[in-house]
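# Build the 3D model from these lines:
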Amino acid sequence: MSDADLGAALDTAVQVGATLVRADLSWDDIQHTGRDDYAWHLFDRVVTAATARGLSVLPVLTATPPWARSPGCADPACGPHDAAQFAAFAAAAATRYAPRGVHDWELWNEPNLTTFWAPAADPVGYAATVKAGAAALHHADPHAFVVMGGLSPDGGSGGGDLAPTVFLAKVADQGATKVVDAIGYHPYSYPYLPSASTSFGTAWEQIDRTKESLRSVLTRTGTPGLPIWLTEVGAPTGGPGAASDGAPGDIGPDTTHVTEGRQAEIAADAVRTAAADPGIGALIWYTDRDNAAATGAGQGTSTEDWYGLRRADGSAKPALAALRAAIAQLRATSSPAASRAASPGAGAGPGSGPPPSLRPASALGTAPGSAASARARRTARRHGDGPPCRGGRRCRHP
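Next up is the predicted model:
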């Protein structure tokens, strides 16, 4: 991402009223050549540009450098061979960026998918990484707020992936949920609204409205009040397959994306639905702008190219105005006194207004980070078998 694109993305975040931006802090980028070499300048510019605009930063610590991977694993998505090495990187990051106002951290991205944790989802290995990383961050920065890596709603169809509730339960059994301050989740419910009630359970409904839900797992494993941060929420407006406007007769097996109007409805509904849930601490929209490949009718491109609030040419989609209006309404109906008293990410108590601690945010597509190529591989794999399962229709967990 160029400096100009970075600035434009951050300006979009400010425009919609976000207070936080999420960006990949790739371990592979920063320490690619060895454990004693740090290329911090790659992420310094993100922190500098964000803080200059009054935005907080949520770095996603992800992607293992070659020297820290398990033997024989050549992919940056490989988990670290030694969790202590990841912890050392996390501590170094906190030491560098806490004085610059960075206190929120997310440990990995979608670790329940083989695309992001190779060669297969490994809850035991990931739990060890979380425990070591969280301890290091809290030690280096007493104000650190550590979020367990955002879980994908996919994963129930095998192939080395694990459904989010299955993965979370196994991670919790290792004690990892007791050392973090929140868990991350990516409730892509499109083409359905986040507030929709269905017979099968969308990704959003899996938070607490399905028989086996994220909250039922947290309660069963001893952390019933642990906040949930929605570190990716969104809907693509192009790609192979058919678009849906949300009408009951317009959602079929070939539906892979939504119309721009439906994306706007999803954006506004996501803010309202999250704000009504006192256990949700943050809502992060993915992403600011469509990729350059998102042109024309979109046929032949990946849906991953089309999640932006803006089109590839920079023009705004209806979702940008919808998200901005929903966030403004959220602030207008929140109690200023309660907002000042609430700690970031913590759930608010009962009341007539929305939880004042909900942090509206925006995700920088890739700034910087090797997760970009991983996202491309994930999409290519899904589209080889047909429409993706973001909405929960195909890959909902049993």
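# what's the spacing between stretch 211-218 and its chain's center?
For stretch 211-218, the gap between its own C-alpha mean and the chain's C-alpha mean amounts to 19 Å (Cα atoms, centre = their mean, to the nearest Å).
# what's it in contact with?
Judged by Cβ atoms under 8 Å, 6 or more residues apart in numbering, the contacts made with stretch 211-218 from elsewhere in the structure are 151, 164-165, 168-169, 172, 177, 183, 185, 205-208, 224, 226, 228, 279, 397. (C-beta placed from N, C-alpha, C; glycine too.)
# run the last query once more with 6 Å
165, 168-169, 206-208, 224, 226 (Cβ atoms under 6 Å, 6 or more residues apart in numbering).
# I'd like these laid out as JSON lines, including neighbour count and secondary structure.
Below are those laid out as JSON lines (neighbours: other Cβ atoms under 10 Å; DSSP: H, G, I helix; E, B strand; the rest coil):
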{"residue": "Thr165", "neighbour count": "25", "secondary structure": "helix"}
{"residue": "Leu168", "neighbour count": "24", "secondary structure": "helix"}
{"residue": "Ala169", "neighbour count": "20", "secondary structure": "helix"}
{"residue": "Gln206", "neighbour count": "26", "secondary structure": "helix"}
{"residue": "Ile207", "neighbour count": "23", "secondary structure": "helix"}
{"residue": "Asp208", "neighbour count": "15", "secondary structure": "coil"}
{"residue": "Pro224", "neighbour count": "11", "secondary structure": "coil"}
{"residue": "Leu226", "neighbour count": "22", "secondary structure": "coil"}
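# Looking at the residues you listed, which is nearest Trp108?
When the contacts of stretch 211-218 are compared for distance to Trp108 (Cβ to Cβ), Leu168 comes out closest, at 13.4 Å.
# Who are the contact partners of that closest one?
Leu168 neighbours (Cβ under 6 Å, 6+ apart): Val217.
# Return the per-residue confidence for it.
You'll see Leu168 listed with a pLDDT of 99.
# Pro71 too?
pLDDT at Pro71 comes out at 88.
# Would you agree it falls within a helix?
No - Pro71: not assigned to a helix; according to DSSP: H, G, I helix; E, B strand; the rest coil it is coil.
# ok, now how distant is it from Leu162?
When Cβ to Cβ, to the nearest Å is the yardstick, Pro71 and Leu162 sit 23 Å from each other.
# which one of these two has more residues nearby?
Set Pro71 next to Leu162 and count neighbours by other Cβ atoms under 10 Å: Leu162 wins out with 28 against 6.
# any idea how far that one is from Gln206?
In terms of Cβ to Cβ, Leu162 sits 13 Å off from Gln206.
# Which secondary structure state does Ala203 sit in?
Counting by three-state DSSP, the backbone at Ala203 sits in coil.
# again, but for Val146
When classified by three-state DSSP, Val146 comes out as strand.
# didn't it look like it was pressed against Ala134?
Yes - taking contacts as Cβ atoms under 6 Å, Val146 lies within contact range of Ala134: 4.6 Å.
# Could you double-check that Val21 sits in contact with Arg359?
No - using Cβ under 6 Å, Val21 is not in contact with Arg359; the gap is 10.7 Å.
# neighbour count winner among those two?
Set Val21 next to Arg359 and count neighbours by other Cβ under 10 Å: Val21 wins out with 26 against 20.
# and the more buried one, what is it in contact with?
13, 50, 55, 57, 362, 364.
# ok, then the element right after the worst-scoring helix or strand of the chain on mean pLDDT?
Every helix and strand of the chain was ranked by mean pLDDT, DSSP states H and E. The lowest is helix 336-341, at a mean of 32. Using DSSP states H and E, the helix or strand that follows helix 336-341 towards the C-terminus is strand 359-363.
# could you pull out the helices for the chain?
Listed from the start of the chain, the chain has helices (DSSP state H) covering 3-16, 27-30, 41-52, 83-97, 123-140, 164-173, 214-220, 260-275, 318-332, 336-341, 371-383.
# Same list (those helices) but as TSV, adding distance to Trp117.
Output for the helices of the chain, formatted as TSV (distance: least, Cβ to Cβ, whole Å):
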stretch	distance to Trp117
helix 3-16	26
helix 27-30	13
helix 41-52	22
helix 83-97	12
helix 123-140	6
helix 164-173	10
helix 214-220	18
helix 260-275	26
helix 318-332	30
helix 336-341	36
helix 371-383	10
